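Engineer: model the following, please.
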Amino acid sequence: MRKISVFGWSILGGAVLALALAAGCGELNLQGVGAATAAGAAQGKGKAPSLGDLTSAAADCPNLASVEAIGRLDFAKEFKLKASAAADLKAALKASAELKAVASEVDDELEAACGKLARDLGETPRGKGGEAACKAAVKAIGDLKAKAGGTFELKIVPPKCSASMEAMADCAADCDATLEPGKIDVRCEGGELSGECEGKCEGKCDVEAGASCQGTCNGACEAKFSGSCTGKCEGKCDGKATKGGVECGGKCEGKCDAGAKGQCKGSCEGECSIKGQAKCEGTCTGKCNVEMKAPRCTGEAKPPKMSAQCRAHCDAKVSAKLKCTKAHVAVKARGAADAEAAEKLVATLQADLPAVLKVAMGMKDNLVKVAGDVKTVVKGVEGGLTGMVEGAPAMAAKLGTCVAAPFKGAFDAAASLKANVSVSVSVKASVSGKAGGSV
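Structural biologist: Have a look, this model is predicted:
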């Protein structure tokens with residue numbers, strides 16, 4: 001028999017747990033709610049619910065598996081809550097569902113990105129998920145570095161991830177009844193503001209990767225390039241003709257396959273910036289002399305003051321739709337004993353590592369912050385569940401039983417995000433340094 005605690009009432013009964021799980025409502029044990037028992041008892045709610053009460057609670061849980069289902073539910077009516085408590089609970093559950101979706105998406109992306117990197121280097125991931133795939137990638141990189149010998153230098157044009165300010169405003173209006181739709185001022189803090197500018201762009205204009213640049217390229221330029229190049233230069237290096245592409249420590253004119261930084265009038269893979277344009281045909285970063293359309297923020301899209309529960313929900317929702325530019329990677333091998341192994345590692349990293357860097361560099365800070373904020377909000381709401389319910393003890397038992405699974409899902413999602421961010425960073429770190437050495 002297992003001891004189960006619901007709102008401080010201890011019951012011996014594995015059968016109750018089985019009933020709760022069968023109803024899809026999760027475990028009956030709620031972390032942090034035991035402290036609220038005294039308050040409930042003082043209000044006449046200290047009487048322990050019967051086994052029948054708990055069985056009924058487990059069977060009557062509404063669907064809380066998705067944001068849409070949570071949004072449709074009238075929590076005040078379903079659980080006999082005050083309007084303010086119902087709003088806080090709904091927002092916390094939405095935040096939990098959003099975080100779970102973000103964690104699942106990140107795990108899928110890393111499983112694909114790290115899995116491809118590992119397999120292209122001859123290593124098969126042991127197990128499923130992003131963490132297993134990235135650990136396999138780290139091993140594969142280390143093994144091939146040891147075989148190649150020498151050192152490897154990594155240069156990166158980082159991915160830039162931005163959040164939709166319009167999505168944040170819409171979510172804030174939908175979640176917090178005190179905010180008026182259409183009049184919500186969302187600010188971009190700690191990052192750059194970008195978007196579509198139909199007037200004059202006073203900053204820089206970024207065109208899509210792979211498009212004709214006609215400006216400054218940071219990455220790789222396919223043709224008509226002039227500037228520094230840490231990769232292979234095809235055309236002229238310091239005025240001397242090159243054939244087939246050679247490393248150029250000086251000025252490259254023609255084509256640069258990696259580490260390009262200079263003027264490019266051909267296709268640019270990486271970041272292309274055009275300054276001083278009257279009209280920007282791409283994405284304007286900085287200021288626009290007319291209202292910017294579809295504005296995005298590479299920092300924090302900060303809405304007006306609203307409840308912590310709504311803020312956590314909206315941050316998680318916006319994080320699920322981050323838009324990221326592709327990273328550009330240039331790897332240079334030096335002093336390799338096995339040239340073939342070194343060439344294979346360089347080529348694979350330059351092709352496969354950018355997808356991993358989307359998480360390891362572009363999304364990392366945002367994901368860590370959102371996971372922490374949602375955990376804090378869920379813990380706060382979870383700890384105050386007893387005081388929310390105005391009905392009989394059986395209703396308190398029902399509420400506790402029904403929110404257990406989604407709240408546990410939030411904690412699991414936060415742990416998954418933390419692990420995946422950490423292991424993605426370890427993939428990046430495993431590239432630099434001496435072969436076989438620590439980094």
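Engineer: tell me which helix or strand residue 244 sits in.
Structural biologist: Under the assignment given by DSSP states H and E, residue 244 is not contained in any helix or strand.
Engineer: thought residue 336 was touching residue 153?
Structural biologist: No - between residue 336 and residue 153 no contact is recorded; they are 12.0 Å apart, counting by C-beta atoms under 8 Å. (C-beta placed from N, C-alpha, C; glycine too.)
Engineer: who has more neighbours, the two?
Structural biologist: residue 336 (20 against 14; other C-beta atoms under 10 Å).
Engineer: could you measure from that one over to residue 156?
Structural biologist: Counting by C-beta to C-beta, to the nearest Å, the gap from residue 336 to residue 156 is 21 Å.
Engineer: now do the same for residue 32: its pLDDT.
Structural biologist: According to the per-residue confidence, residue 32 scores 37 in pLDDT.
Engineer: I meant to write residue 325 there.
Structural biologist: According to the model's per-residue confidence, residue 325 sits at a pLDDT of 88.
Engineer: what about it, how many residues close to it?
Structural biologist: Under the neighbour criterion other C-beta under 10 Å, residue 325 is assigned a count of 21.
Engineer: tell me how far the residue lying closest to it once chain neighbours are set aside lies from residue 378.
Structural biologist: When the adjacent residues along the chain are set aside, residue 325 lies closest to residue 160, with 4.7 Å between them (C-beta to C-beta, 6 or more residues apart in numbering). Taken as C-beta to C-beta, the spacing of residue 160 relative to residue 378 amounts to 30 Å.
Engineer: mean confidence score for whichever helix or strand residue 87 is part of?
Structural biologist: When elements are assigned from DSSP H and E, residue 87 belongs to helix 83-120. Per-region confidence: helix 83-120 scores 96 on mean pLDDT.
Engineer: list the buried ones in whichever helix or strand comes after it?
Structural biologist: Scanning forward in sequence from helix 83-120, with DSSP H and E defining helices and strands, the next element found is helix 130-148. Residues of helix 130-148 classed as buried: 130-145, 147-148 (neighbour count, 16 or more other C-beta atoms under 10 Å).
Engineer: mind listing the strands for the stretch 301-439 of the chain?
Structural biologist: Applying DSSP state E, counting those that start in this stretch to the stretch 301-439 of the chain gives strands spanning 323-324, 328-334, 433-434.
Engineer: just the pLDDT at the closest residue to residue 63 other than its chain neighbours, thanks.
Structural biologist: The shortest distance from residue 63 to any residue other than its chain neighbours is 4.3 Å, reached at residue 69 (C-beta to C-beta, 6+ apart). pLDDT recorded at residue 69 is 96.
Engineer: which SS class is residue 69?
Structural biologist: State at residue 69, reduced to three classes by DSSP: H, G, I helix; E, B strand; the rest coil: helix.
Engineer: among the strands of the stretch 301-439 of the chain, which comes closest to residue 268?
Structural biologist: With respect to residue 268, and counting by C-beta to C-beta, the nearest of the strands of the stretch 301-439 of the chain is strand 328-334 at 9.3 Å.
Engineer: highest mean neighbour count out of the strands of the stretch 301-439 of the chain?
Structural biologist: For the strands of the stretch 301-439 of the chain, average neighbour numbers computed from mean count of other C-beta atoms under 10 Å are highest in strand 328-334, which has a mean of 20.
Engineer: where do the helices of the stretch 151-300 of the chain begin and end?
Structural biologist: 165-175 (DSSP state H, counting those that start in this stretch).
Engineer: show me where it has its strands.
Structural biologist: 151-157, 161-164, 187-189, 193-196, 201-206, 215-229, 232-237, 240-241, 246-247, 251-264, 268-275, 283-288, 293-297, 300-302.
Engineer: select, out of the ones you listed, the one closest to residue 367.
Structural biologist: Distances from residue 367 to each of the strands of the stretch 151-300 of the chain were compared using C-beta to C-beta; the minimum, 9.8 Å, belongs to strand 161-164.
Engineer: grab the nearest non-local neighbour of residue 149.
Structural biologist: Leaving out its chain neighbours, the residue that sits closest to residue 149 by C-beta to C-beta, 6+ apart is residue 337, at 3.5 Å.
Engineer: could you report the distance from the one you found to residue 366?
Structural biologist: Look at residue 337 and residue 366: by C-beta to C-beta, they are 41 Å apart.
Engineer: confidence-wise, which of the strands of the stretch 301-439 of the chain is weakest overall?
Structural biologist: In terms of average pLDDT, strand 433-434 trails the rest of those, at a mean of 51.
Engineer: for the residue nearest to residue 149, grab the count of nearby residues.
Structural biologist: The number of residues near residue 337, taken as other C-beta under 10 Å, comes to 11.
Engineer: and it, how far from residue 159?
Structural biologist: 33 Å.
Engineer: so residue 293 touches residue 198, yeah?
Structural biologist: Yes - under the criterion of C-beta under 8 Å, residue 293 is in contact with residue 198, at a separation of 7.0 Å.
Engineer: check contacts around residue 105.
Structural biologist: Taking C-beta atoms under 8 Å, 6 or more residues apart in numbering as the definition of contact, the neighbours of residue 105 are residue 320.
Engineer: neighbour count for residue 160 and residue 378, which is higher?
Structural biologist: Legend: neighbour count by other C-beta under 10 Å for residue 160 and residue 378, higher for residue 378 (27 against 21).
Engineer: check what pLDDT the nearest residue to that one once chain neighbours are set aside gets.
Structural biologist: Leaving aside its chain neighbours, residue 378 sits nearest to residue 410 (4.8 Å; criterion: C-beta to C-beta, 6+ apart). The confidence metric pLDDT takes the value 97 at residue 410.
Engineer: what do you get for residue 214?
Structural biologist: The predicted structure lists residue 214 with a pLDDT of 77.
Engineer: ok, it - contacts?
Structural biologist: Each residue near residue 214 by C-beta under 8 Å, 6+ apart is listed here: 207, 264-265, 274.
Engineer: among these, which one lies nearest to residue 181?
Structural biologist: Within the set of these, residue 207 lies nearest residue 181; the separation is 33.9 Å, counting by C-beta to C-beta.
Engineer: excluding chain neighbours, what is closest to the closest one?
Structural biologist: The shortest distance from residue 207 to any residue that is not its chain neighbour, by C-beta to C-beta, 6+ apart, is 3.9 Å, and that residue is residue 282.
Engineer: okay, now that neighbour: neighbour count?
Structural biologist: Going by other C-beta under 10 Å, the residues that sit close to residue 282 add up to 21.
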